[in-house]
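>>> Fold the following and give me the result.
(chains A and B)
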Amino acid sequence: MTARKRALIIGMAGPAVQAVGIAWQGLHLLTGHFTGSFDARHLVFEPGTLVIVVGFLLSLVLIPVAFEVLEAAPEELELPLLGAQPQEHEGRRASRGWSG
Amino acid sequence: MPLLHVGHYWFIPHPDESHHLFGAGFLFVGIILLIEPLAGGVWFRNKLRSSIWPGLAMFMGWGLIVVAGLDPKDRIIHFTTGALVLTAGWMEMRYRAGEVTRFSADIIVVPALLAAAFEMGVIHARGAPISAIGHAFMGALAAAMAAVRVYQARDQFSLPRAQMTGGLVTTLGLVLLIFQP
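Numbers count the residues shown, from 1 in each chain, chains lettered A, B, ... in the order given. Sure, this is the predicted structure:
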């Protein structure tokens, strides 16, 4: 998969989830609360509202990642080998997940 | 049944509200886990970003321990599962920091997932049919995560394998949000 395609998927994940949340909440308001009672607490904990919040938080995290992916070299997009490696018992460091 | 010690304070979520909150939490984590493999090594450049998944797992484990304190029902299972999940999140964080091997992390993570599967799918699979079936299904998802964890360890460079856990966690979140078992 090209870096551009990866960046597009990563960057659009948050807004896509928000859109699902807005559609979900809108449909619920139309069908479930059109003539019934409604309060702020109920709204805050409704699934649709929470999905909108999740989408917003995902956008905060993932949009910067999308820009980094767009600028990364192809080898940087490969899955890294995480965890301590056996060579480290002899004092040599293998590649780690975190840099620095 | 009122919660122990805190009664009916406005800031304590009701049981159905807790399910929605946990569902939202799992949805967030699930999508993060789906995206991580796509970003590859770029994701792990940032320590804070790399800690999102294990950090939230630790938070959920802590949350279960709090539930054990507040809810008089099923205290032992809530506490033990919460402690296991908290420890598993910590081991995963250490694994991502390169401090422990994958095997050392999985020694804790896999049993934690199986304990969560038992707690959700067996202990909580009771009451109304929709609730029992929903909890049993969520237990099955947690057991599948344990299996996927082992499967993924066999080829840590496979993109589809790396995304399987994210798919299962996302499904778990959606089940809690949609069906509210």
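
>>> Find the centremost residue of chain B, please.
B:Ala57 (5.8 Å; Cα atoms, centre = their mean).

>>> Excluding chain neighbours, give the residue nearest to it in space.
B:Gly89 (3.3 Å; Cβ to Cβ, 6 or more residues apart in numbering or on different chains). To be clear about C-beta, it is placed using only N, CA and C from the backbone, and glycine gets the same treatment.

>>> Run a quick neighbour tally on that neighbour.
When neighbours are counted by other Cβ atoms under 10 Å in any protein chain shown, B:Gly89 registers 24.

>>> looking at chain A, which helix or strand does the model trust least?
The weakest-scoring helix or strand in chain A, judged by mean pLDDT, DSSP states H and E, is helix A:40-44 (a mean of 75).

>>> From the chain's centroid, how far away is the next helix or strand after that helix?
Following helix A:40-44 in sequence order, the next helix or strand is helix A:47-71 (DSSP states H and E). Mean C-alpha position of helix A:47-71 versus that of the full chain (Cα atoms, centre = their mean, to the nearest Å) differs by 5 Å.

>>> quick check, B:Gln156 in a helix?
No - using DSSP: H, G, I helix; E, B strand; the rest coil, the secondary structure at B:Gln156 is coil, not a helix.

>>> so what's it up against?
Neighbour list for B:Gln156: A:79, A:81-82, B:102, B:162 [criterion: Cβ atoms under 8 Å, 6 or more residues apart in numbering or on different chains].

>>> So what's the residue count around the residue nearest to B:Pro37 when sequence neighbours are not counted?
The shortest distance from B:Pro37 to any non-neighbouring residue, by Cβ to Cβ, 6+ apart, is to B:Ala162 (3.7 Å). Using other Cβ under 10 Å, B:Ala162 is surrounded by 20 other residues.

>>> Quick one: mean pLDDT over whatever helix or strand B:Pro54 lives in.
Take DSSP H and E as the rule and B:Pro54 turns out to sit in helix B:52-70. In this model, helix B:52-70 has a mean pLDDT of 89.

>>> longest helix anywhere in chain A?
Using DSSP state H, we find that the single longest helix of chain A is helix A:3-32.

>>> got the contact list for the spatially most central residue of chain A?
Residue closest to the average C-alpha location in chain A (Cα atoms, centre = their mean): A:Leu58, at 3.8 Å. Counting by Cβ under 8 Å, 6+ apart, A:Leu58 makes contact with A:13-14, A:17, B:28, B:31-32.

>>> repeat that for 10 Å
A:10, A:13-18, B:27-28, B:31-32, B:35 (Cβ atoms under 10 Å, 6 or more residues apart in numbering or on different chains).

>>> In chain A, where is pLDDT below threshold?
Low-confidence segments of chain A (pLDDT under 70): A:33-38, A:86-100.

>>> at 80 instead, please
When residues are selected by pLDDT under 80, those of chain A lie in A:32-44, A:85-100.
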